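Asks: Here's my sequence, what's the structure:
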Amino acid sequence: MVYEDLLLRMGREGGIAGEFYTPRPIVRFMVKVVNPKVGERVLDPFCGSSGFLVESFKRMKVSKELTVDEFEKLQHETFYGQEKKSLPYLIAMMNCILHELLTPNILHKNTLEENIRNIPDTQRFNVILTNPPFGGKEGSHIQQNFPIQSQATELLALQHVMKKLKMGGRCGIV
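Replies: Sure thing, here's the model as predicted:
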């Protein structure tokens, strides 16, 4: 109950700061359409409360009878996220743990600080599901990380997603 109230409050207050927490029906729909599979790596570079990661985990968990090795791989080597702000980061970790995703690879960092010019294939993902920030403005120290420089946060976020997606990968963006 407290967890649900926190998410609702974050959603209401977040709109003021250019953030938007994706409603669960939209998250479920996007995960269904993109259809992440066991053995694929999933990224949400702007993970907020980690709704896309949790929903992907839930879907993969019931998609087939998992071996012990497959379940371990789901727990440790499948789900990746990044969140810039402290409170959403903590809620993301809590959300994962409450849904039995006990060791998510979620980093507390600004995704846009990563230089995306030369990303090796080992750092690319089969599936990216995300709701990036919109309406923000980034300084030159962030813009220098991108081939096409812009102050617009959403344009930099889109470039980041495009560079992190493996060839033939699937993506869903709000």
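Asks: residues contacting the residue nearest in space to the middle of the chain?
Replies: Nearest residue to the geometric centre of the chain (C-alpha atoms, centre = their mean): residue 44, 1.4 Å. Residues near residue 44 by C-beta atoms under 8 Å, 6 or more residues apart in numbering: 50, 52, 53, 80, 81, 82, 128, 129, 130. Where you see a C-beta, it was placed from the backbone N, CA and C, and this is true even at glycine.
Asks: Surely the second one is in a strand?
Replies: No - the assignment for residue 52, made by DSSP: H, G, I helix; E, B strand; the rest coil, is helix rather than a strand.
Asks: hang on, the earlier thing: now compare the contacts of residue 44 and name the two farthest from each other.
Replies: 50 and 128 (13.9 Å; C-beta to C-beta).
Asks: thinking again about what came up before, phi, psi for the residue nearest to the centre of the chain please.
Replies: Note on residue 44: its backbone torsions stand at phi -120, psi 100 [degrees, to the nearest 10].
Asks: ok, now residue 55?
Replies: phi -70, psi -40.
Asks: Next: the one 3 residues further on.
Replies: Its backbone dihedrals place residue 58 at phi -60, psi -40, with angles given as degrees, to the nearest 10.
Asks: Please name the nearest non-neighbouring residue to it.
Replies: residue 99 (6.6 Å; C-beta to C-beta, 6 or more residues apart in numbering).
Asks: try residue 79
Replies: That would be residue 53: by C-beta to C-beta, 6+ apart, it lies 4.7 Å from residue 79.
Asks: Next, residue 135: secondary structure please.
Replies: When the rule is three-state DSSP, residue 135 gets the label coil.
Asks: So which of the contacts of residue 44 is the closest to residue 113?
Replies: residue 82 (9.6 Å).
Asks: Does the closest one belong to a helix, a strand or coil?
Replies: Assignment for residue 82 (three-state DSSP): strand.
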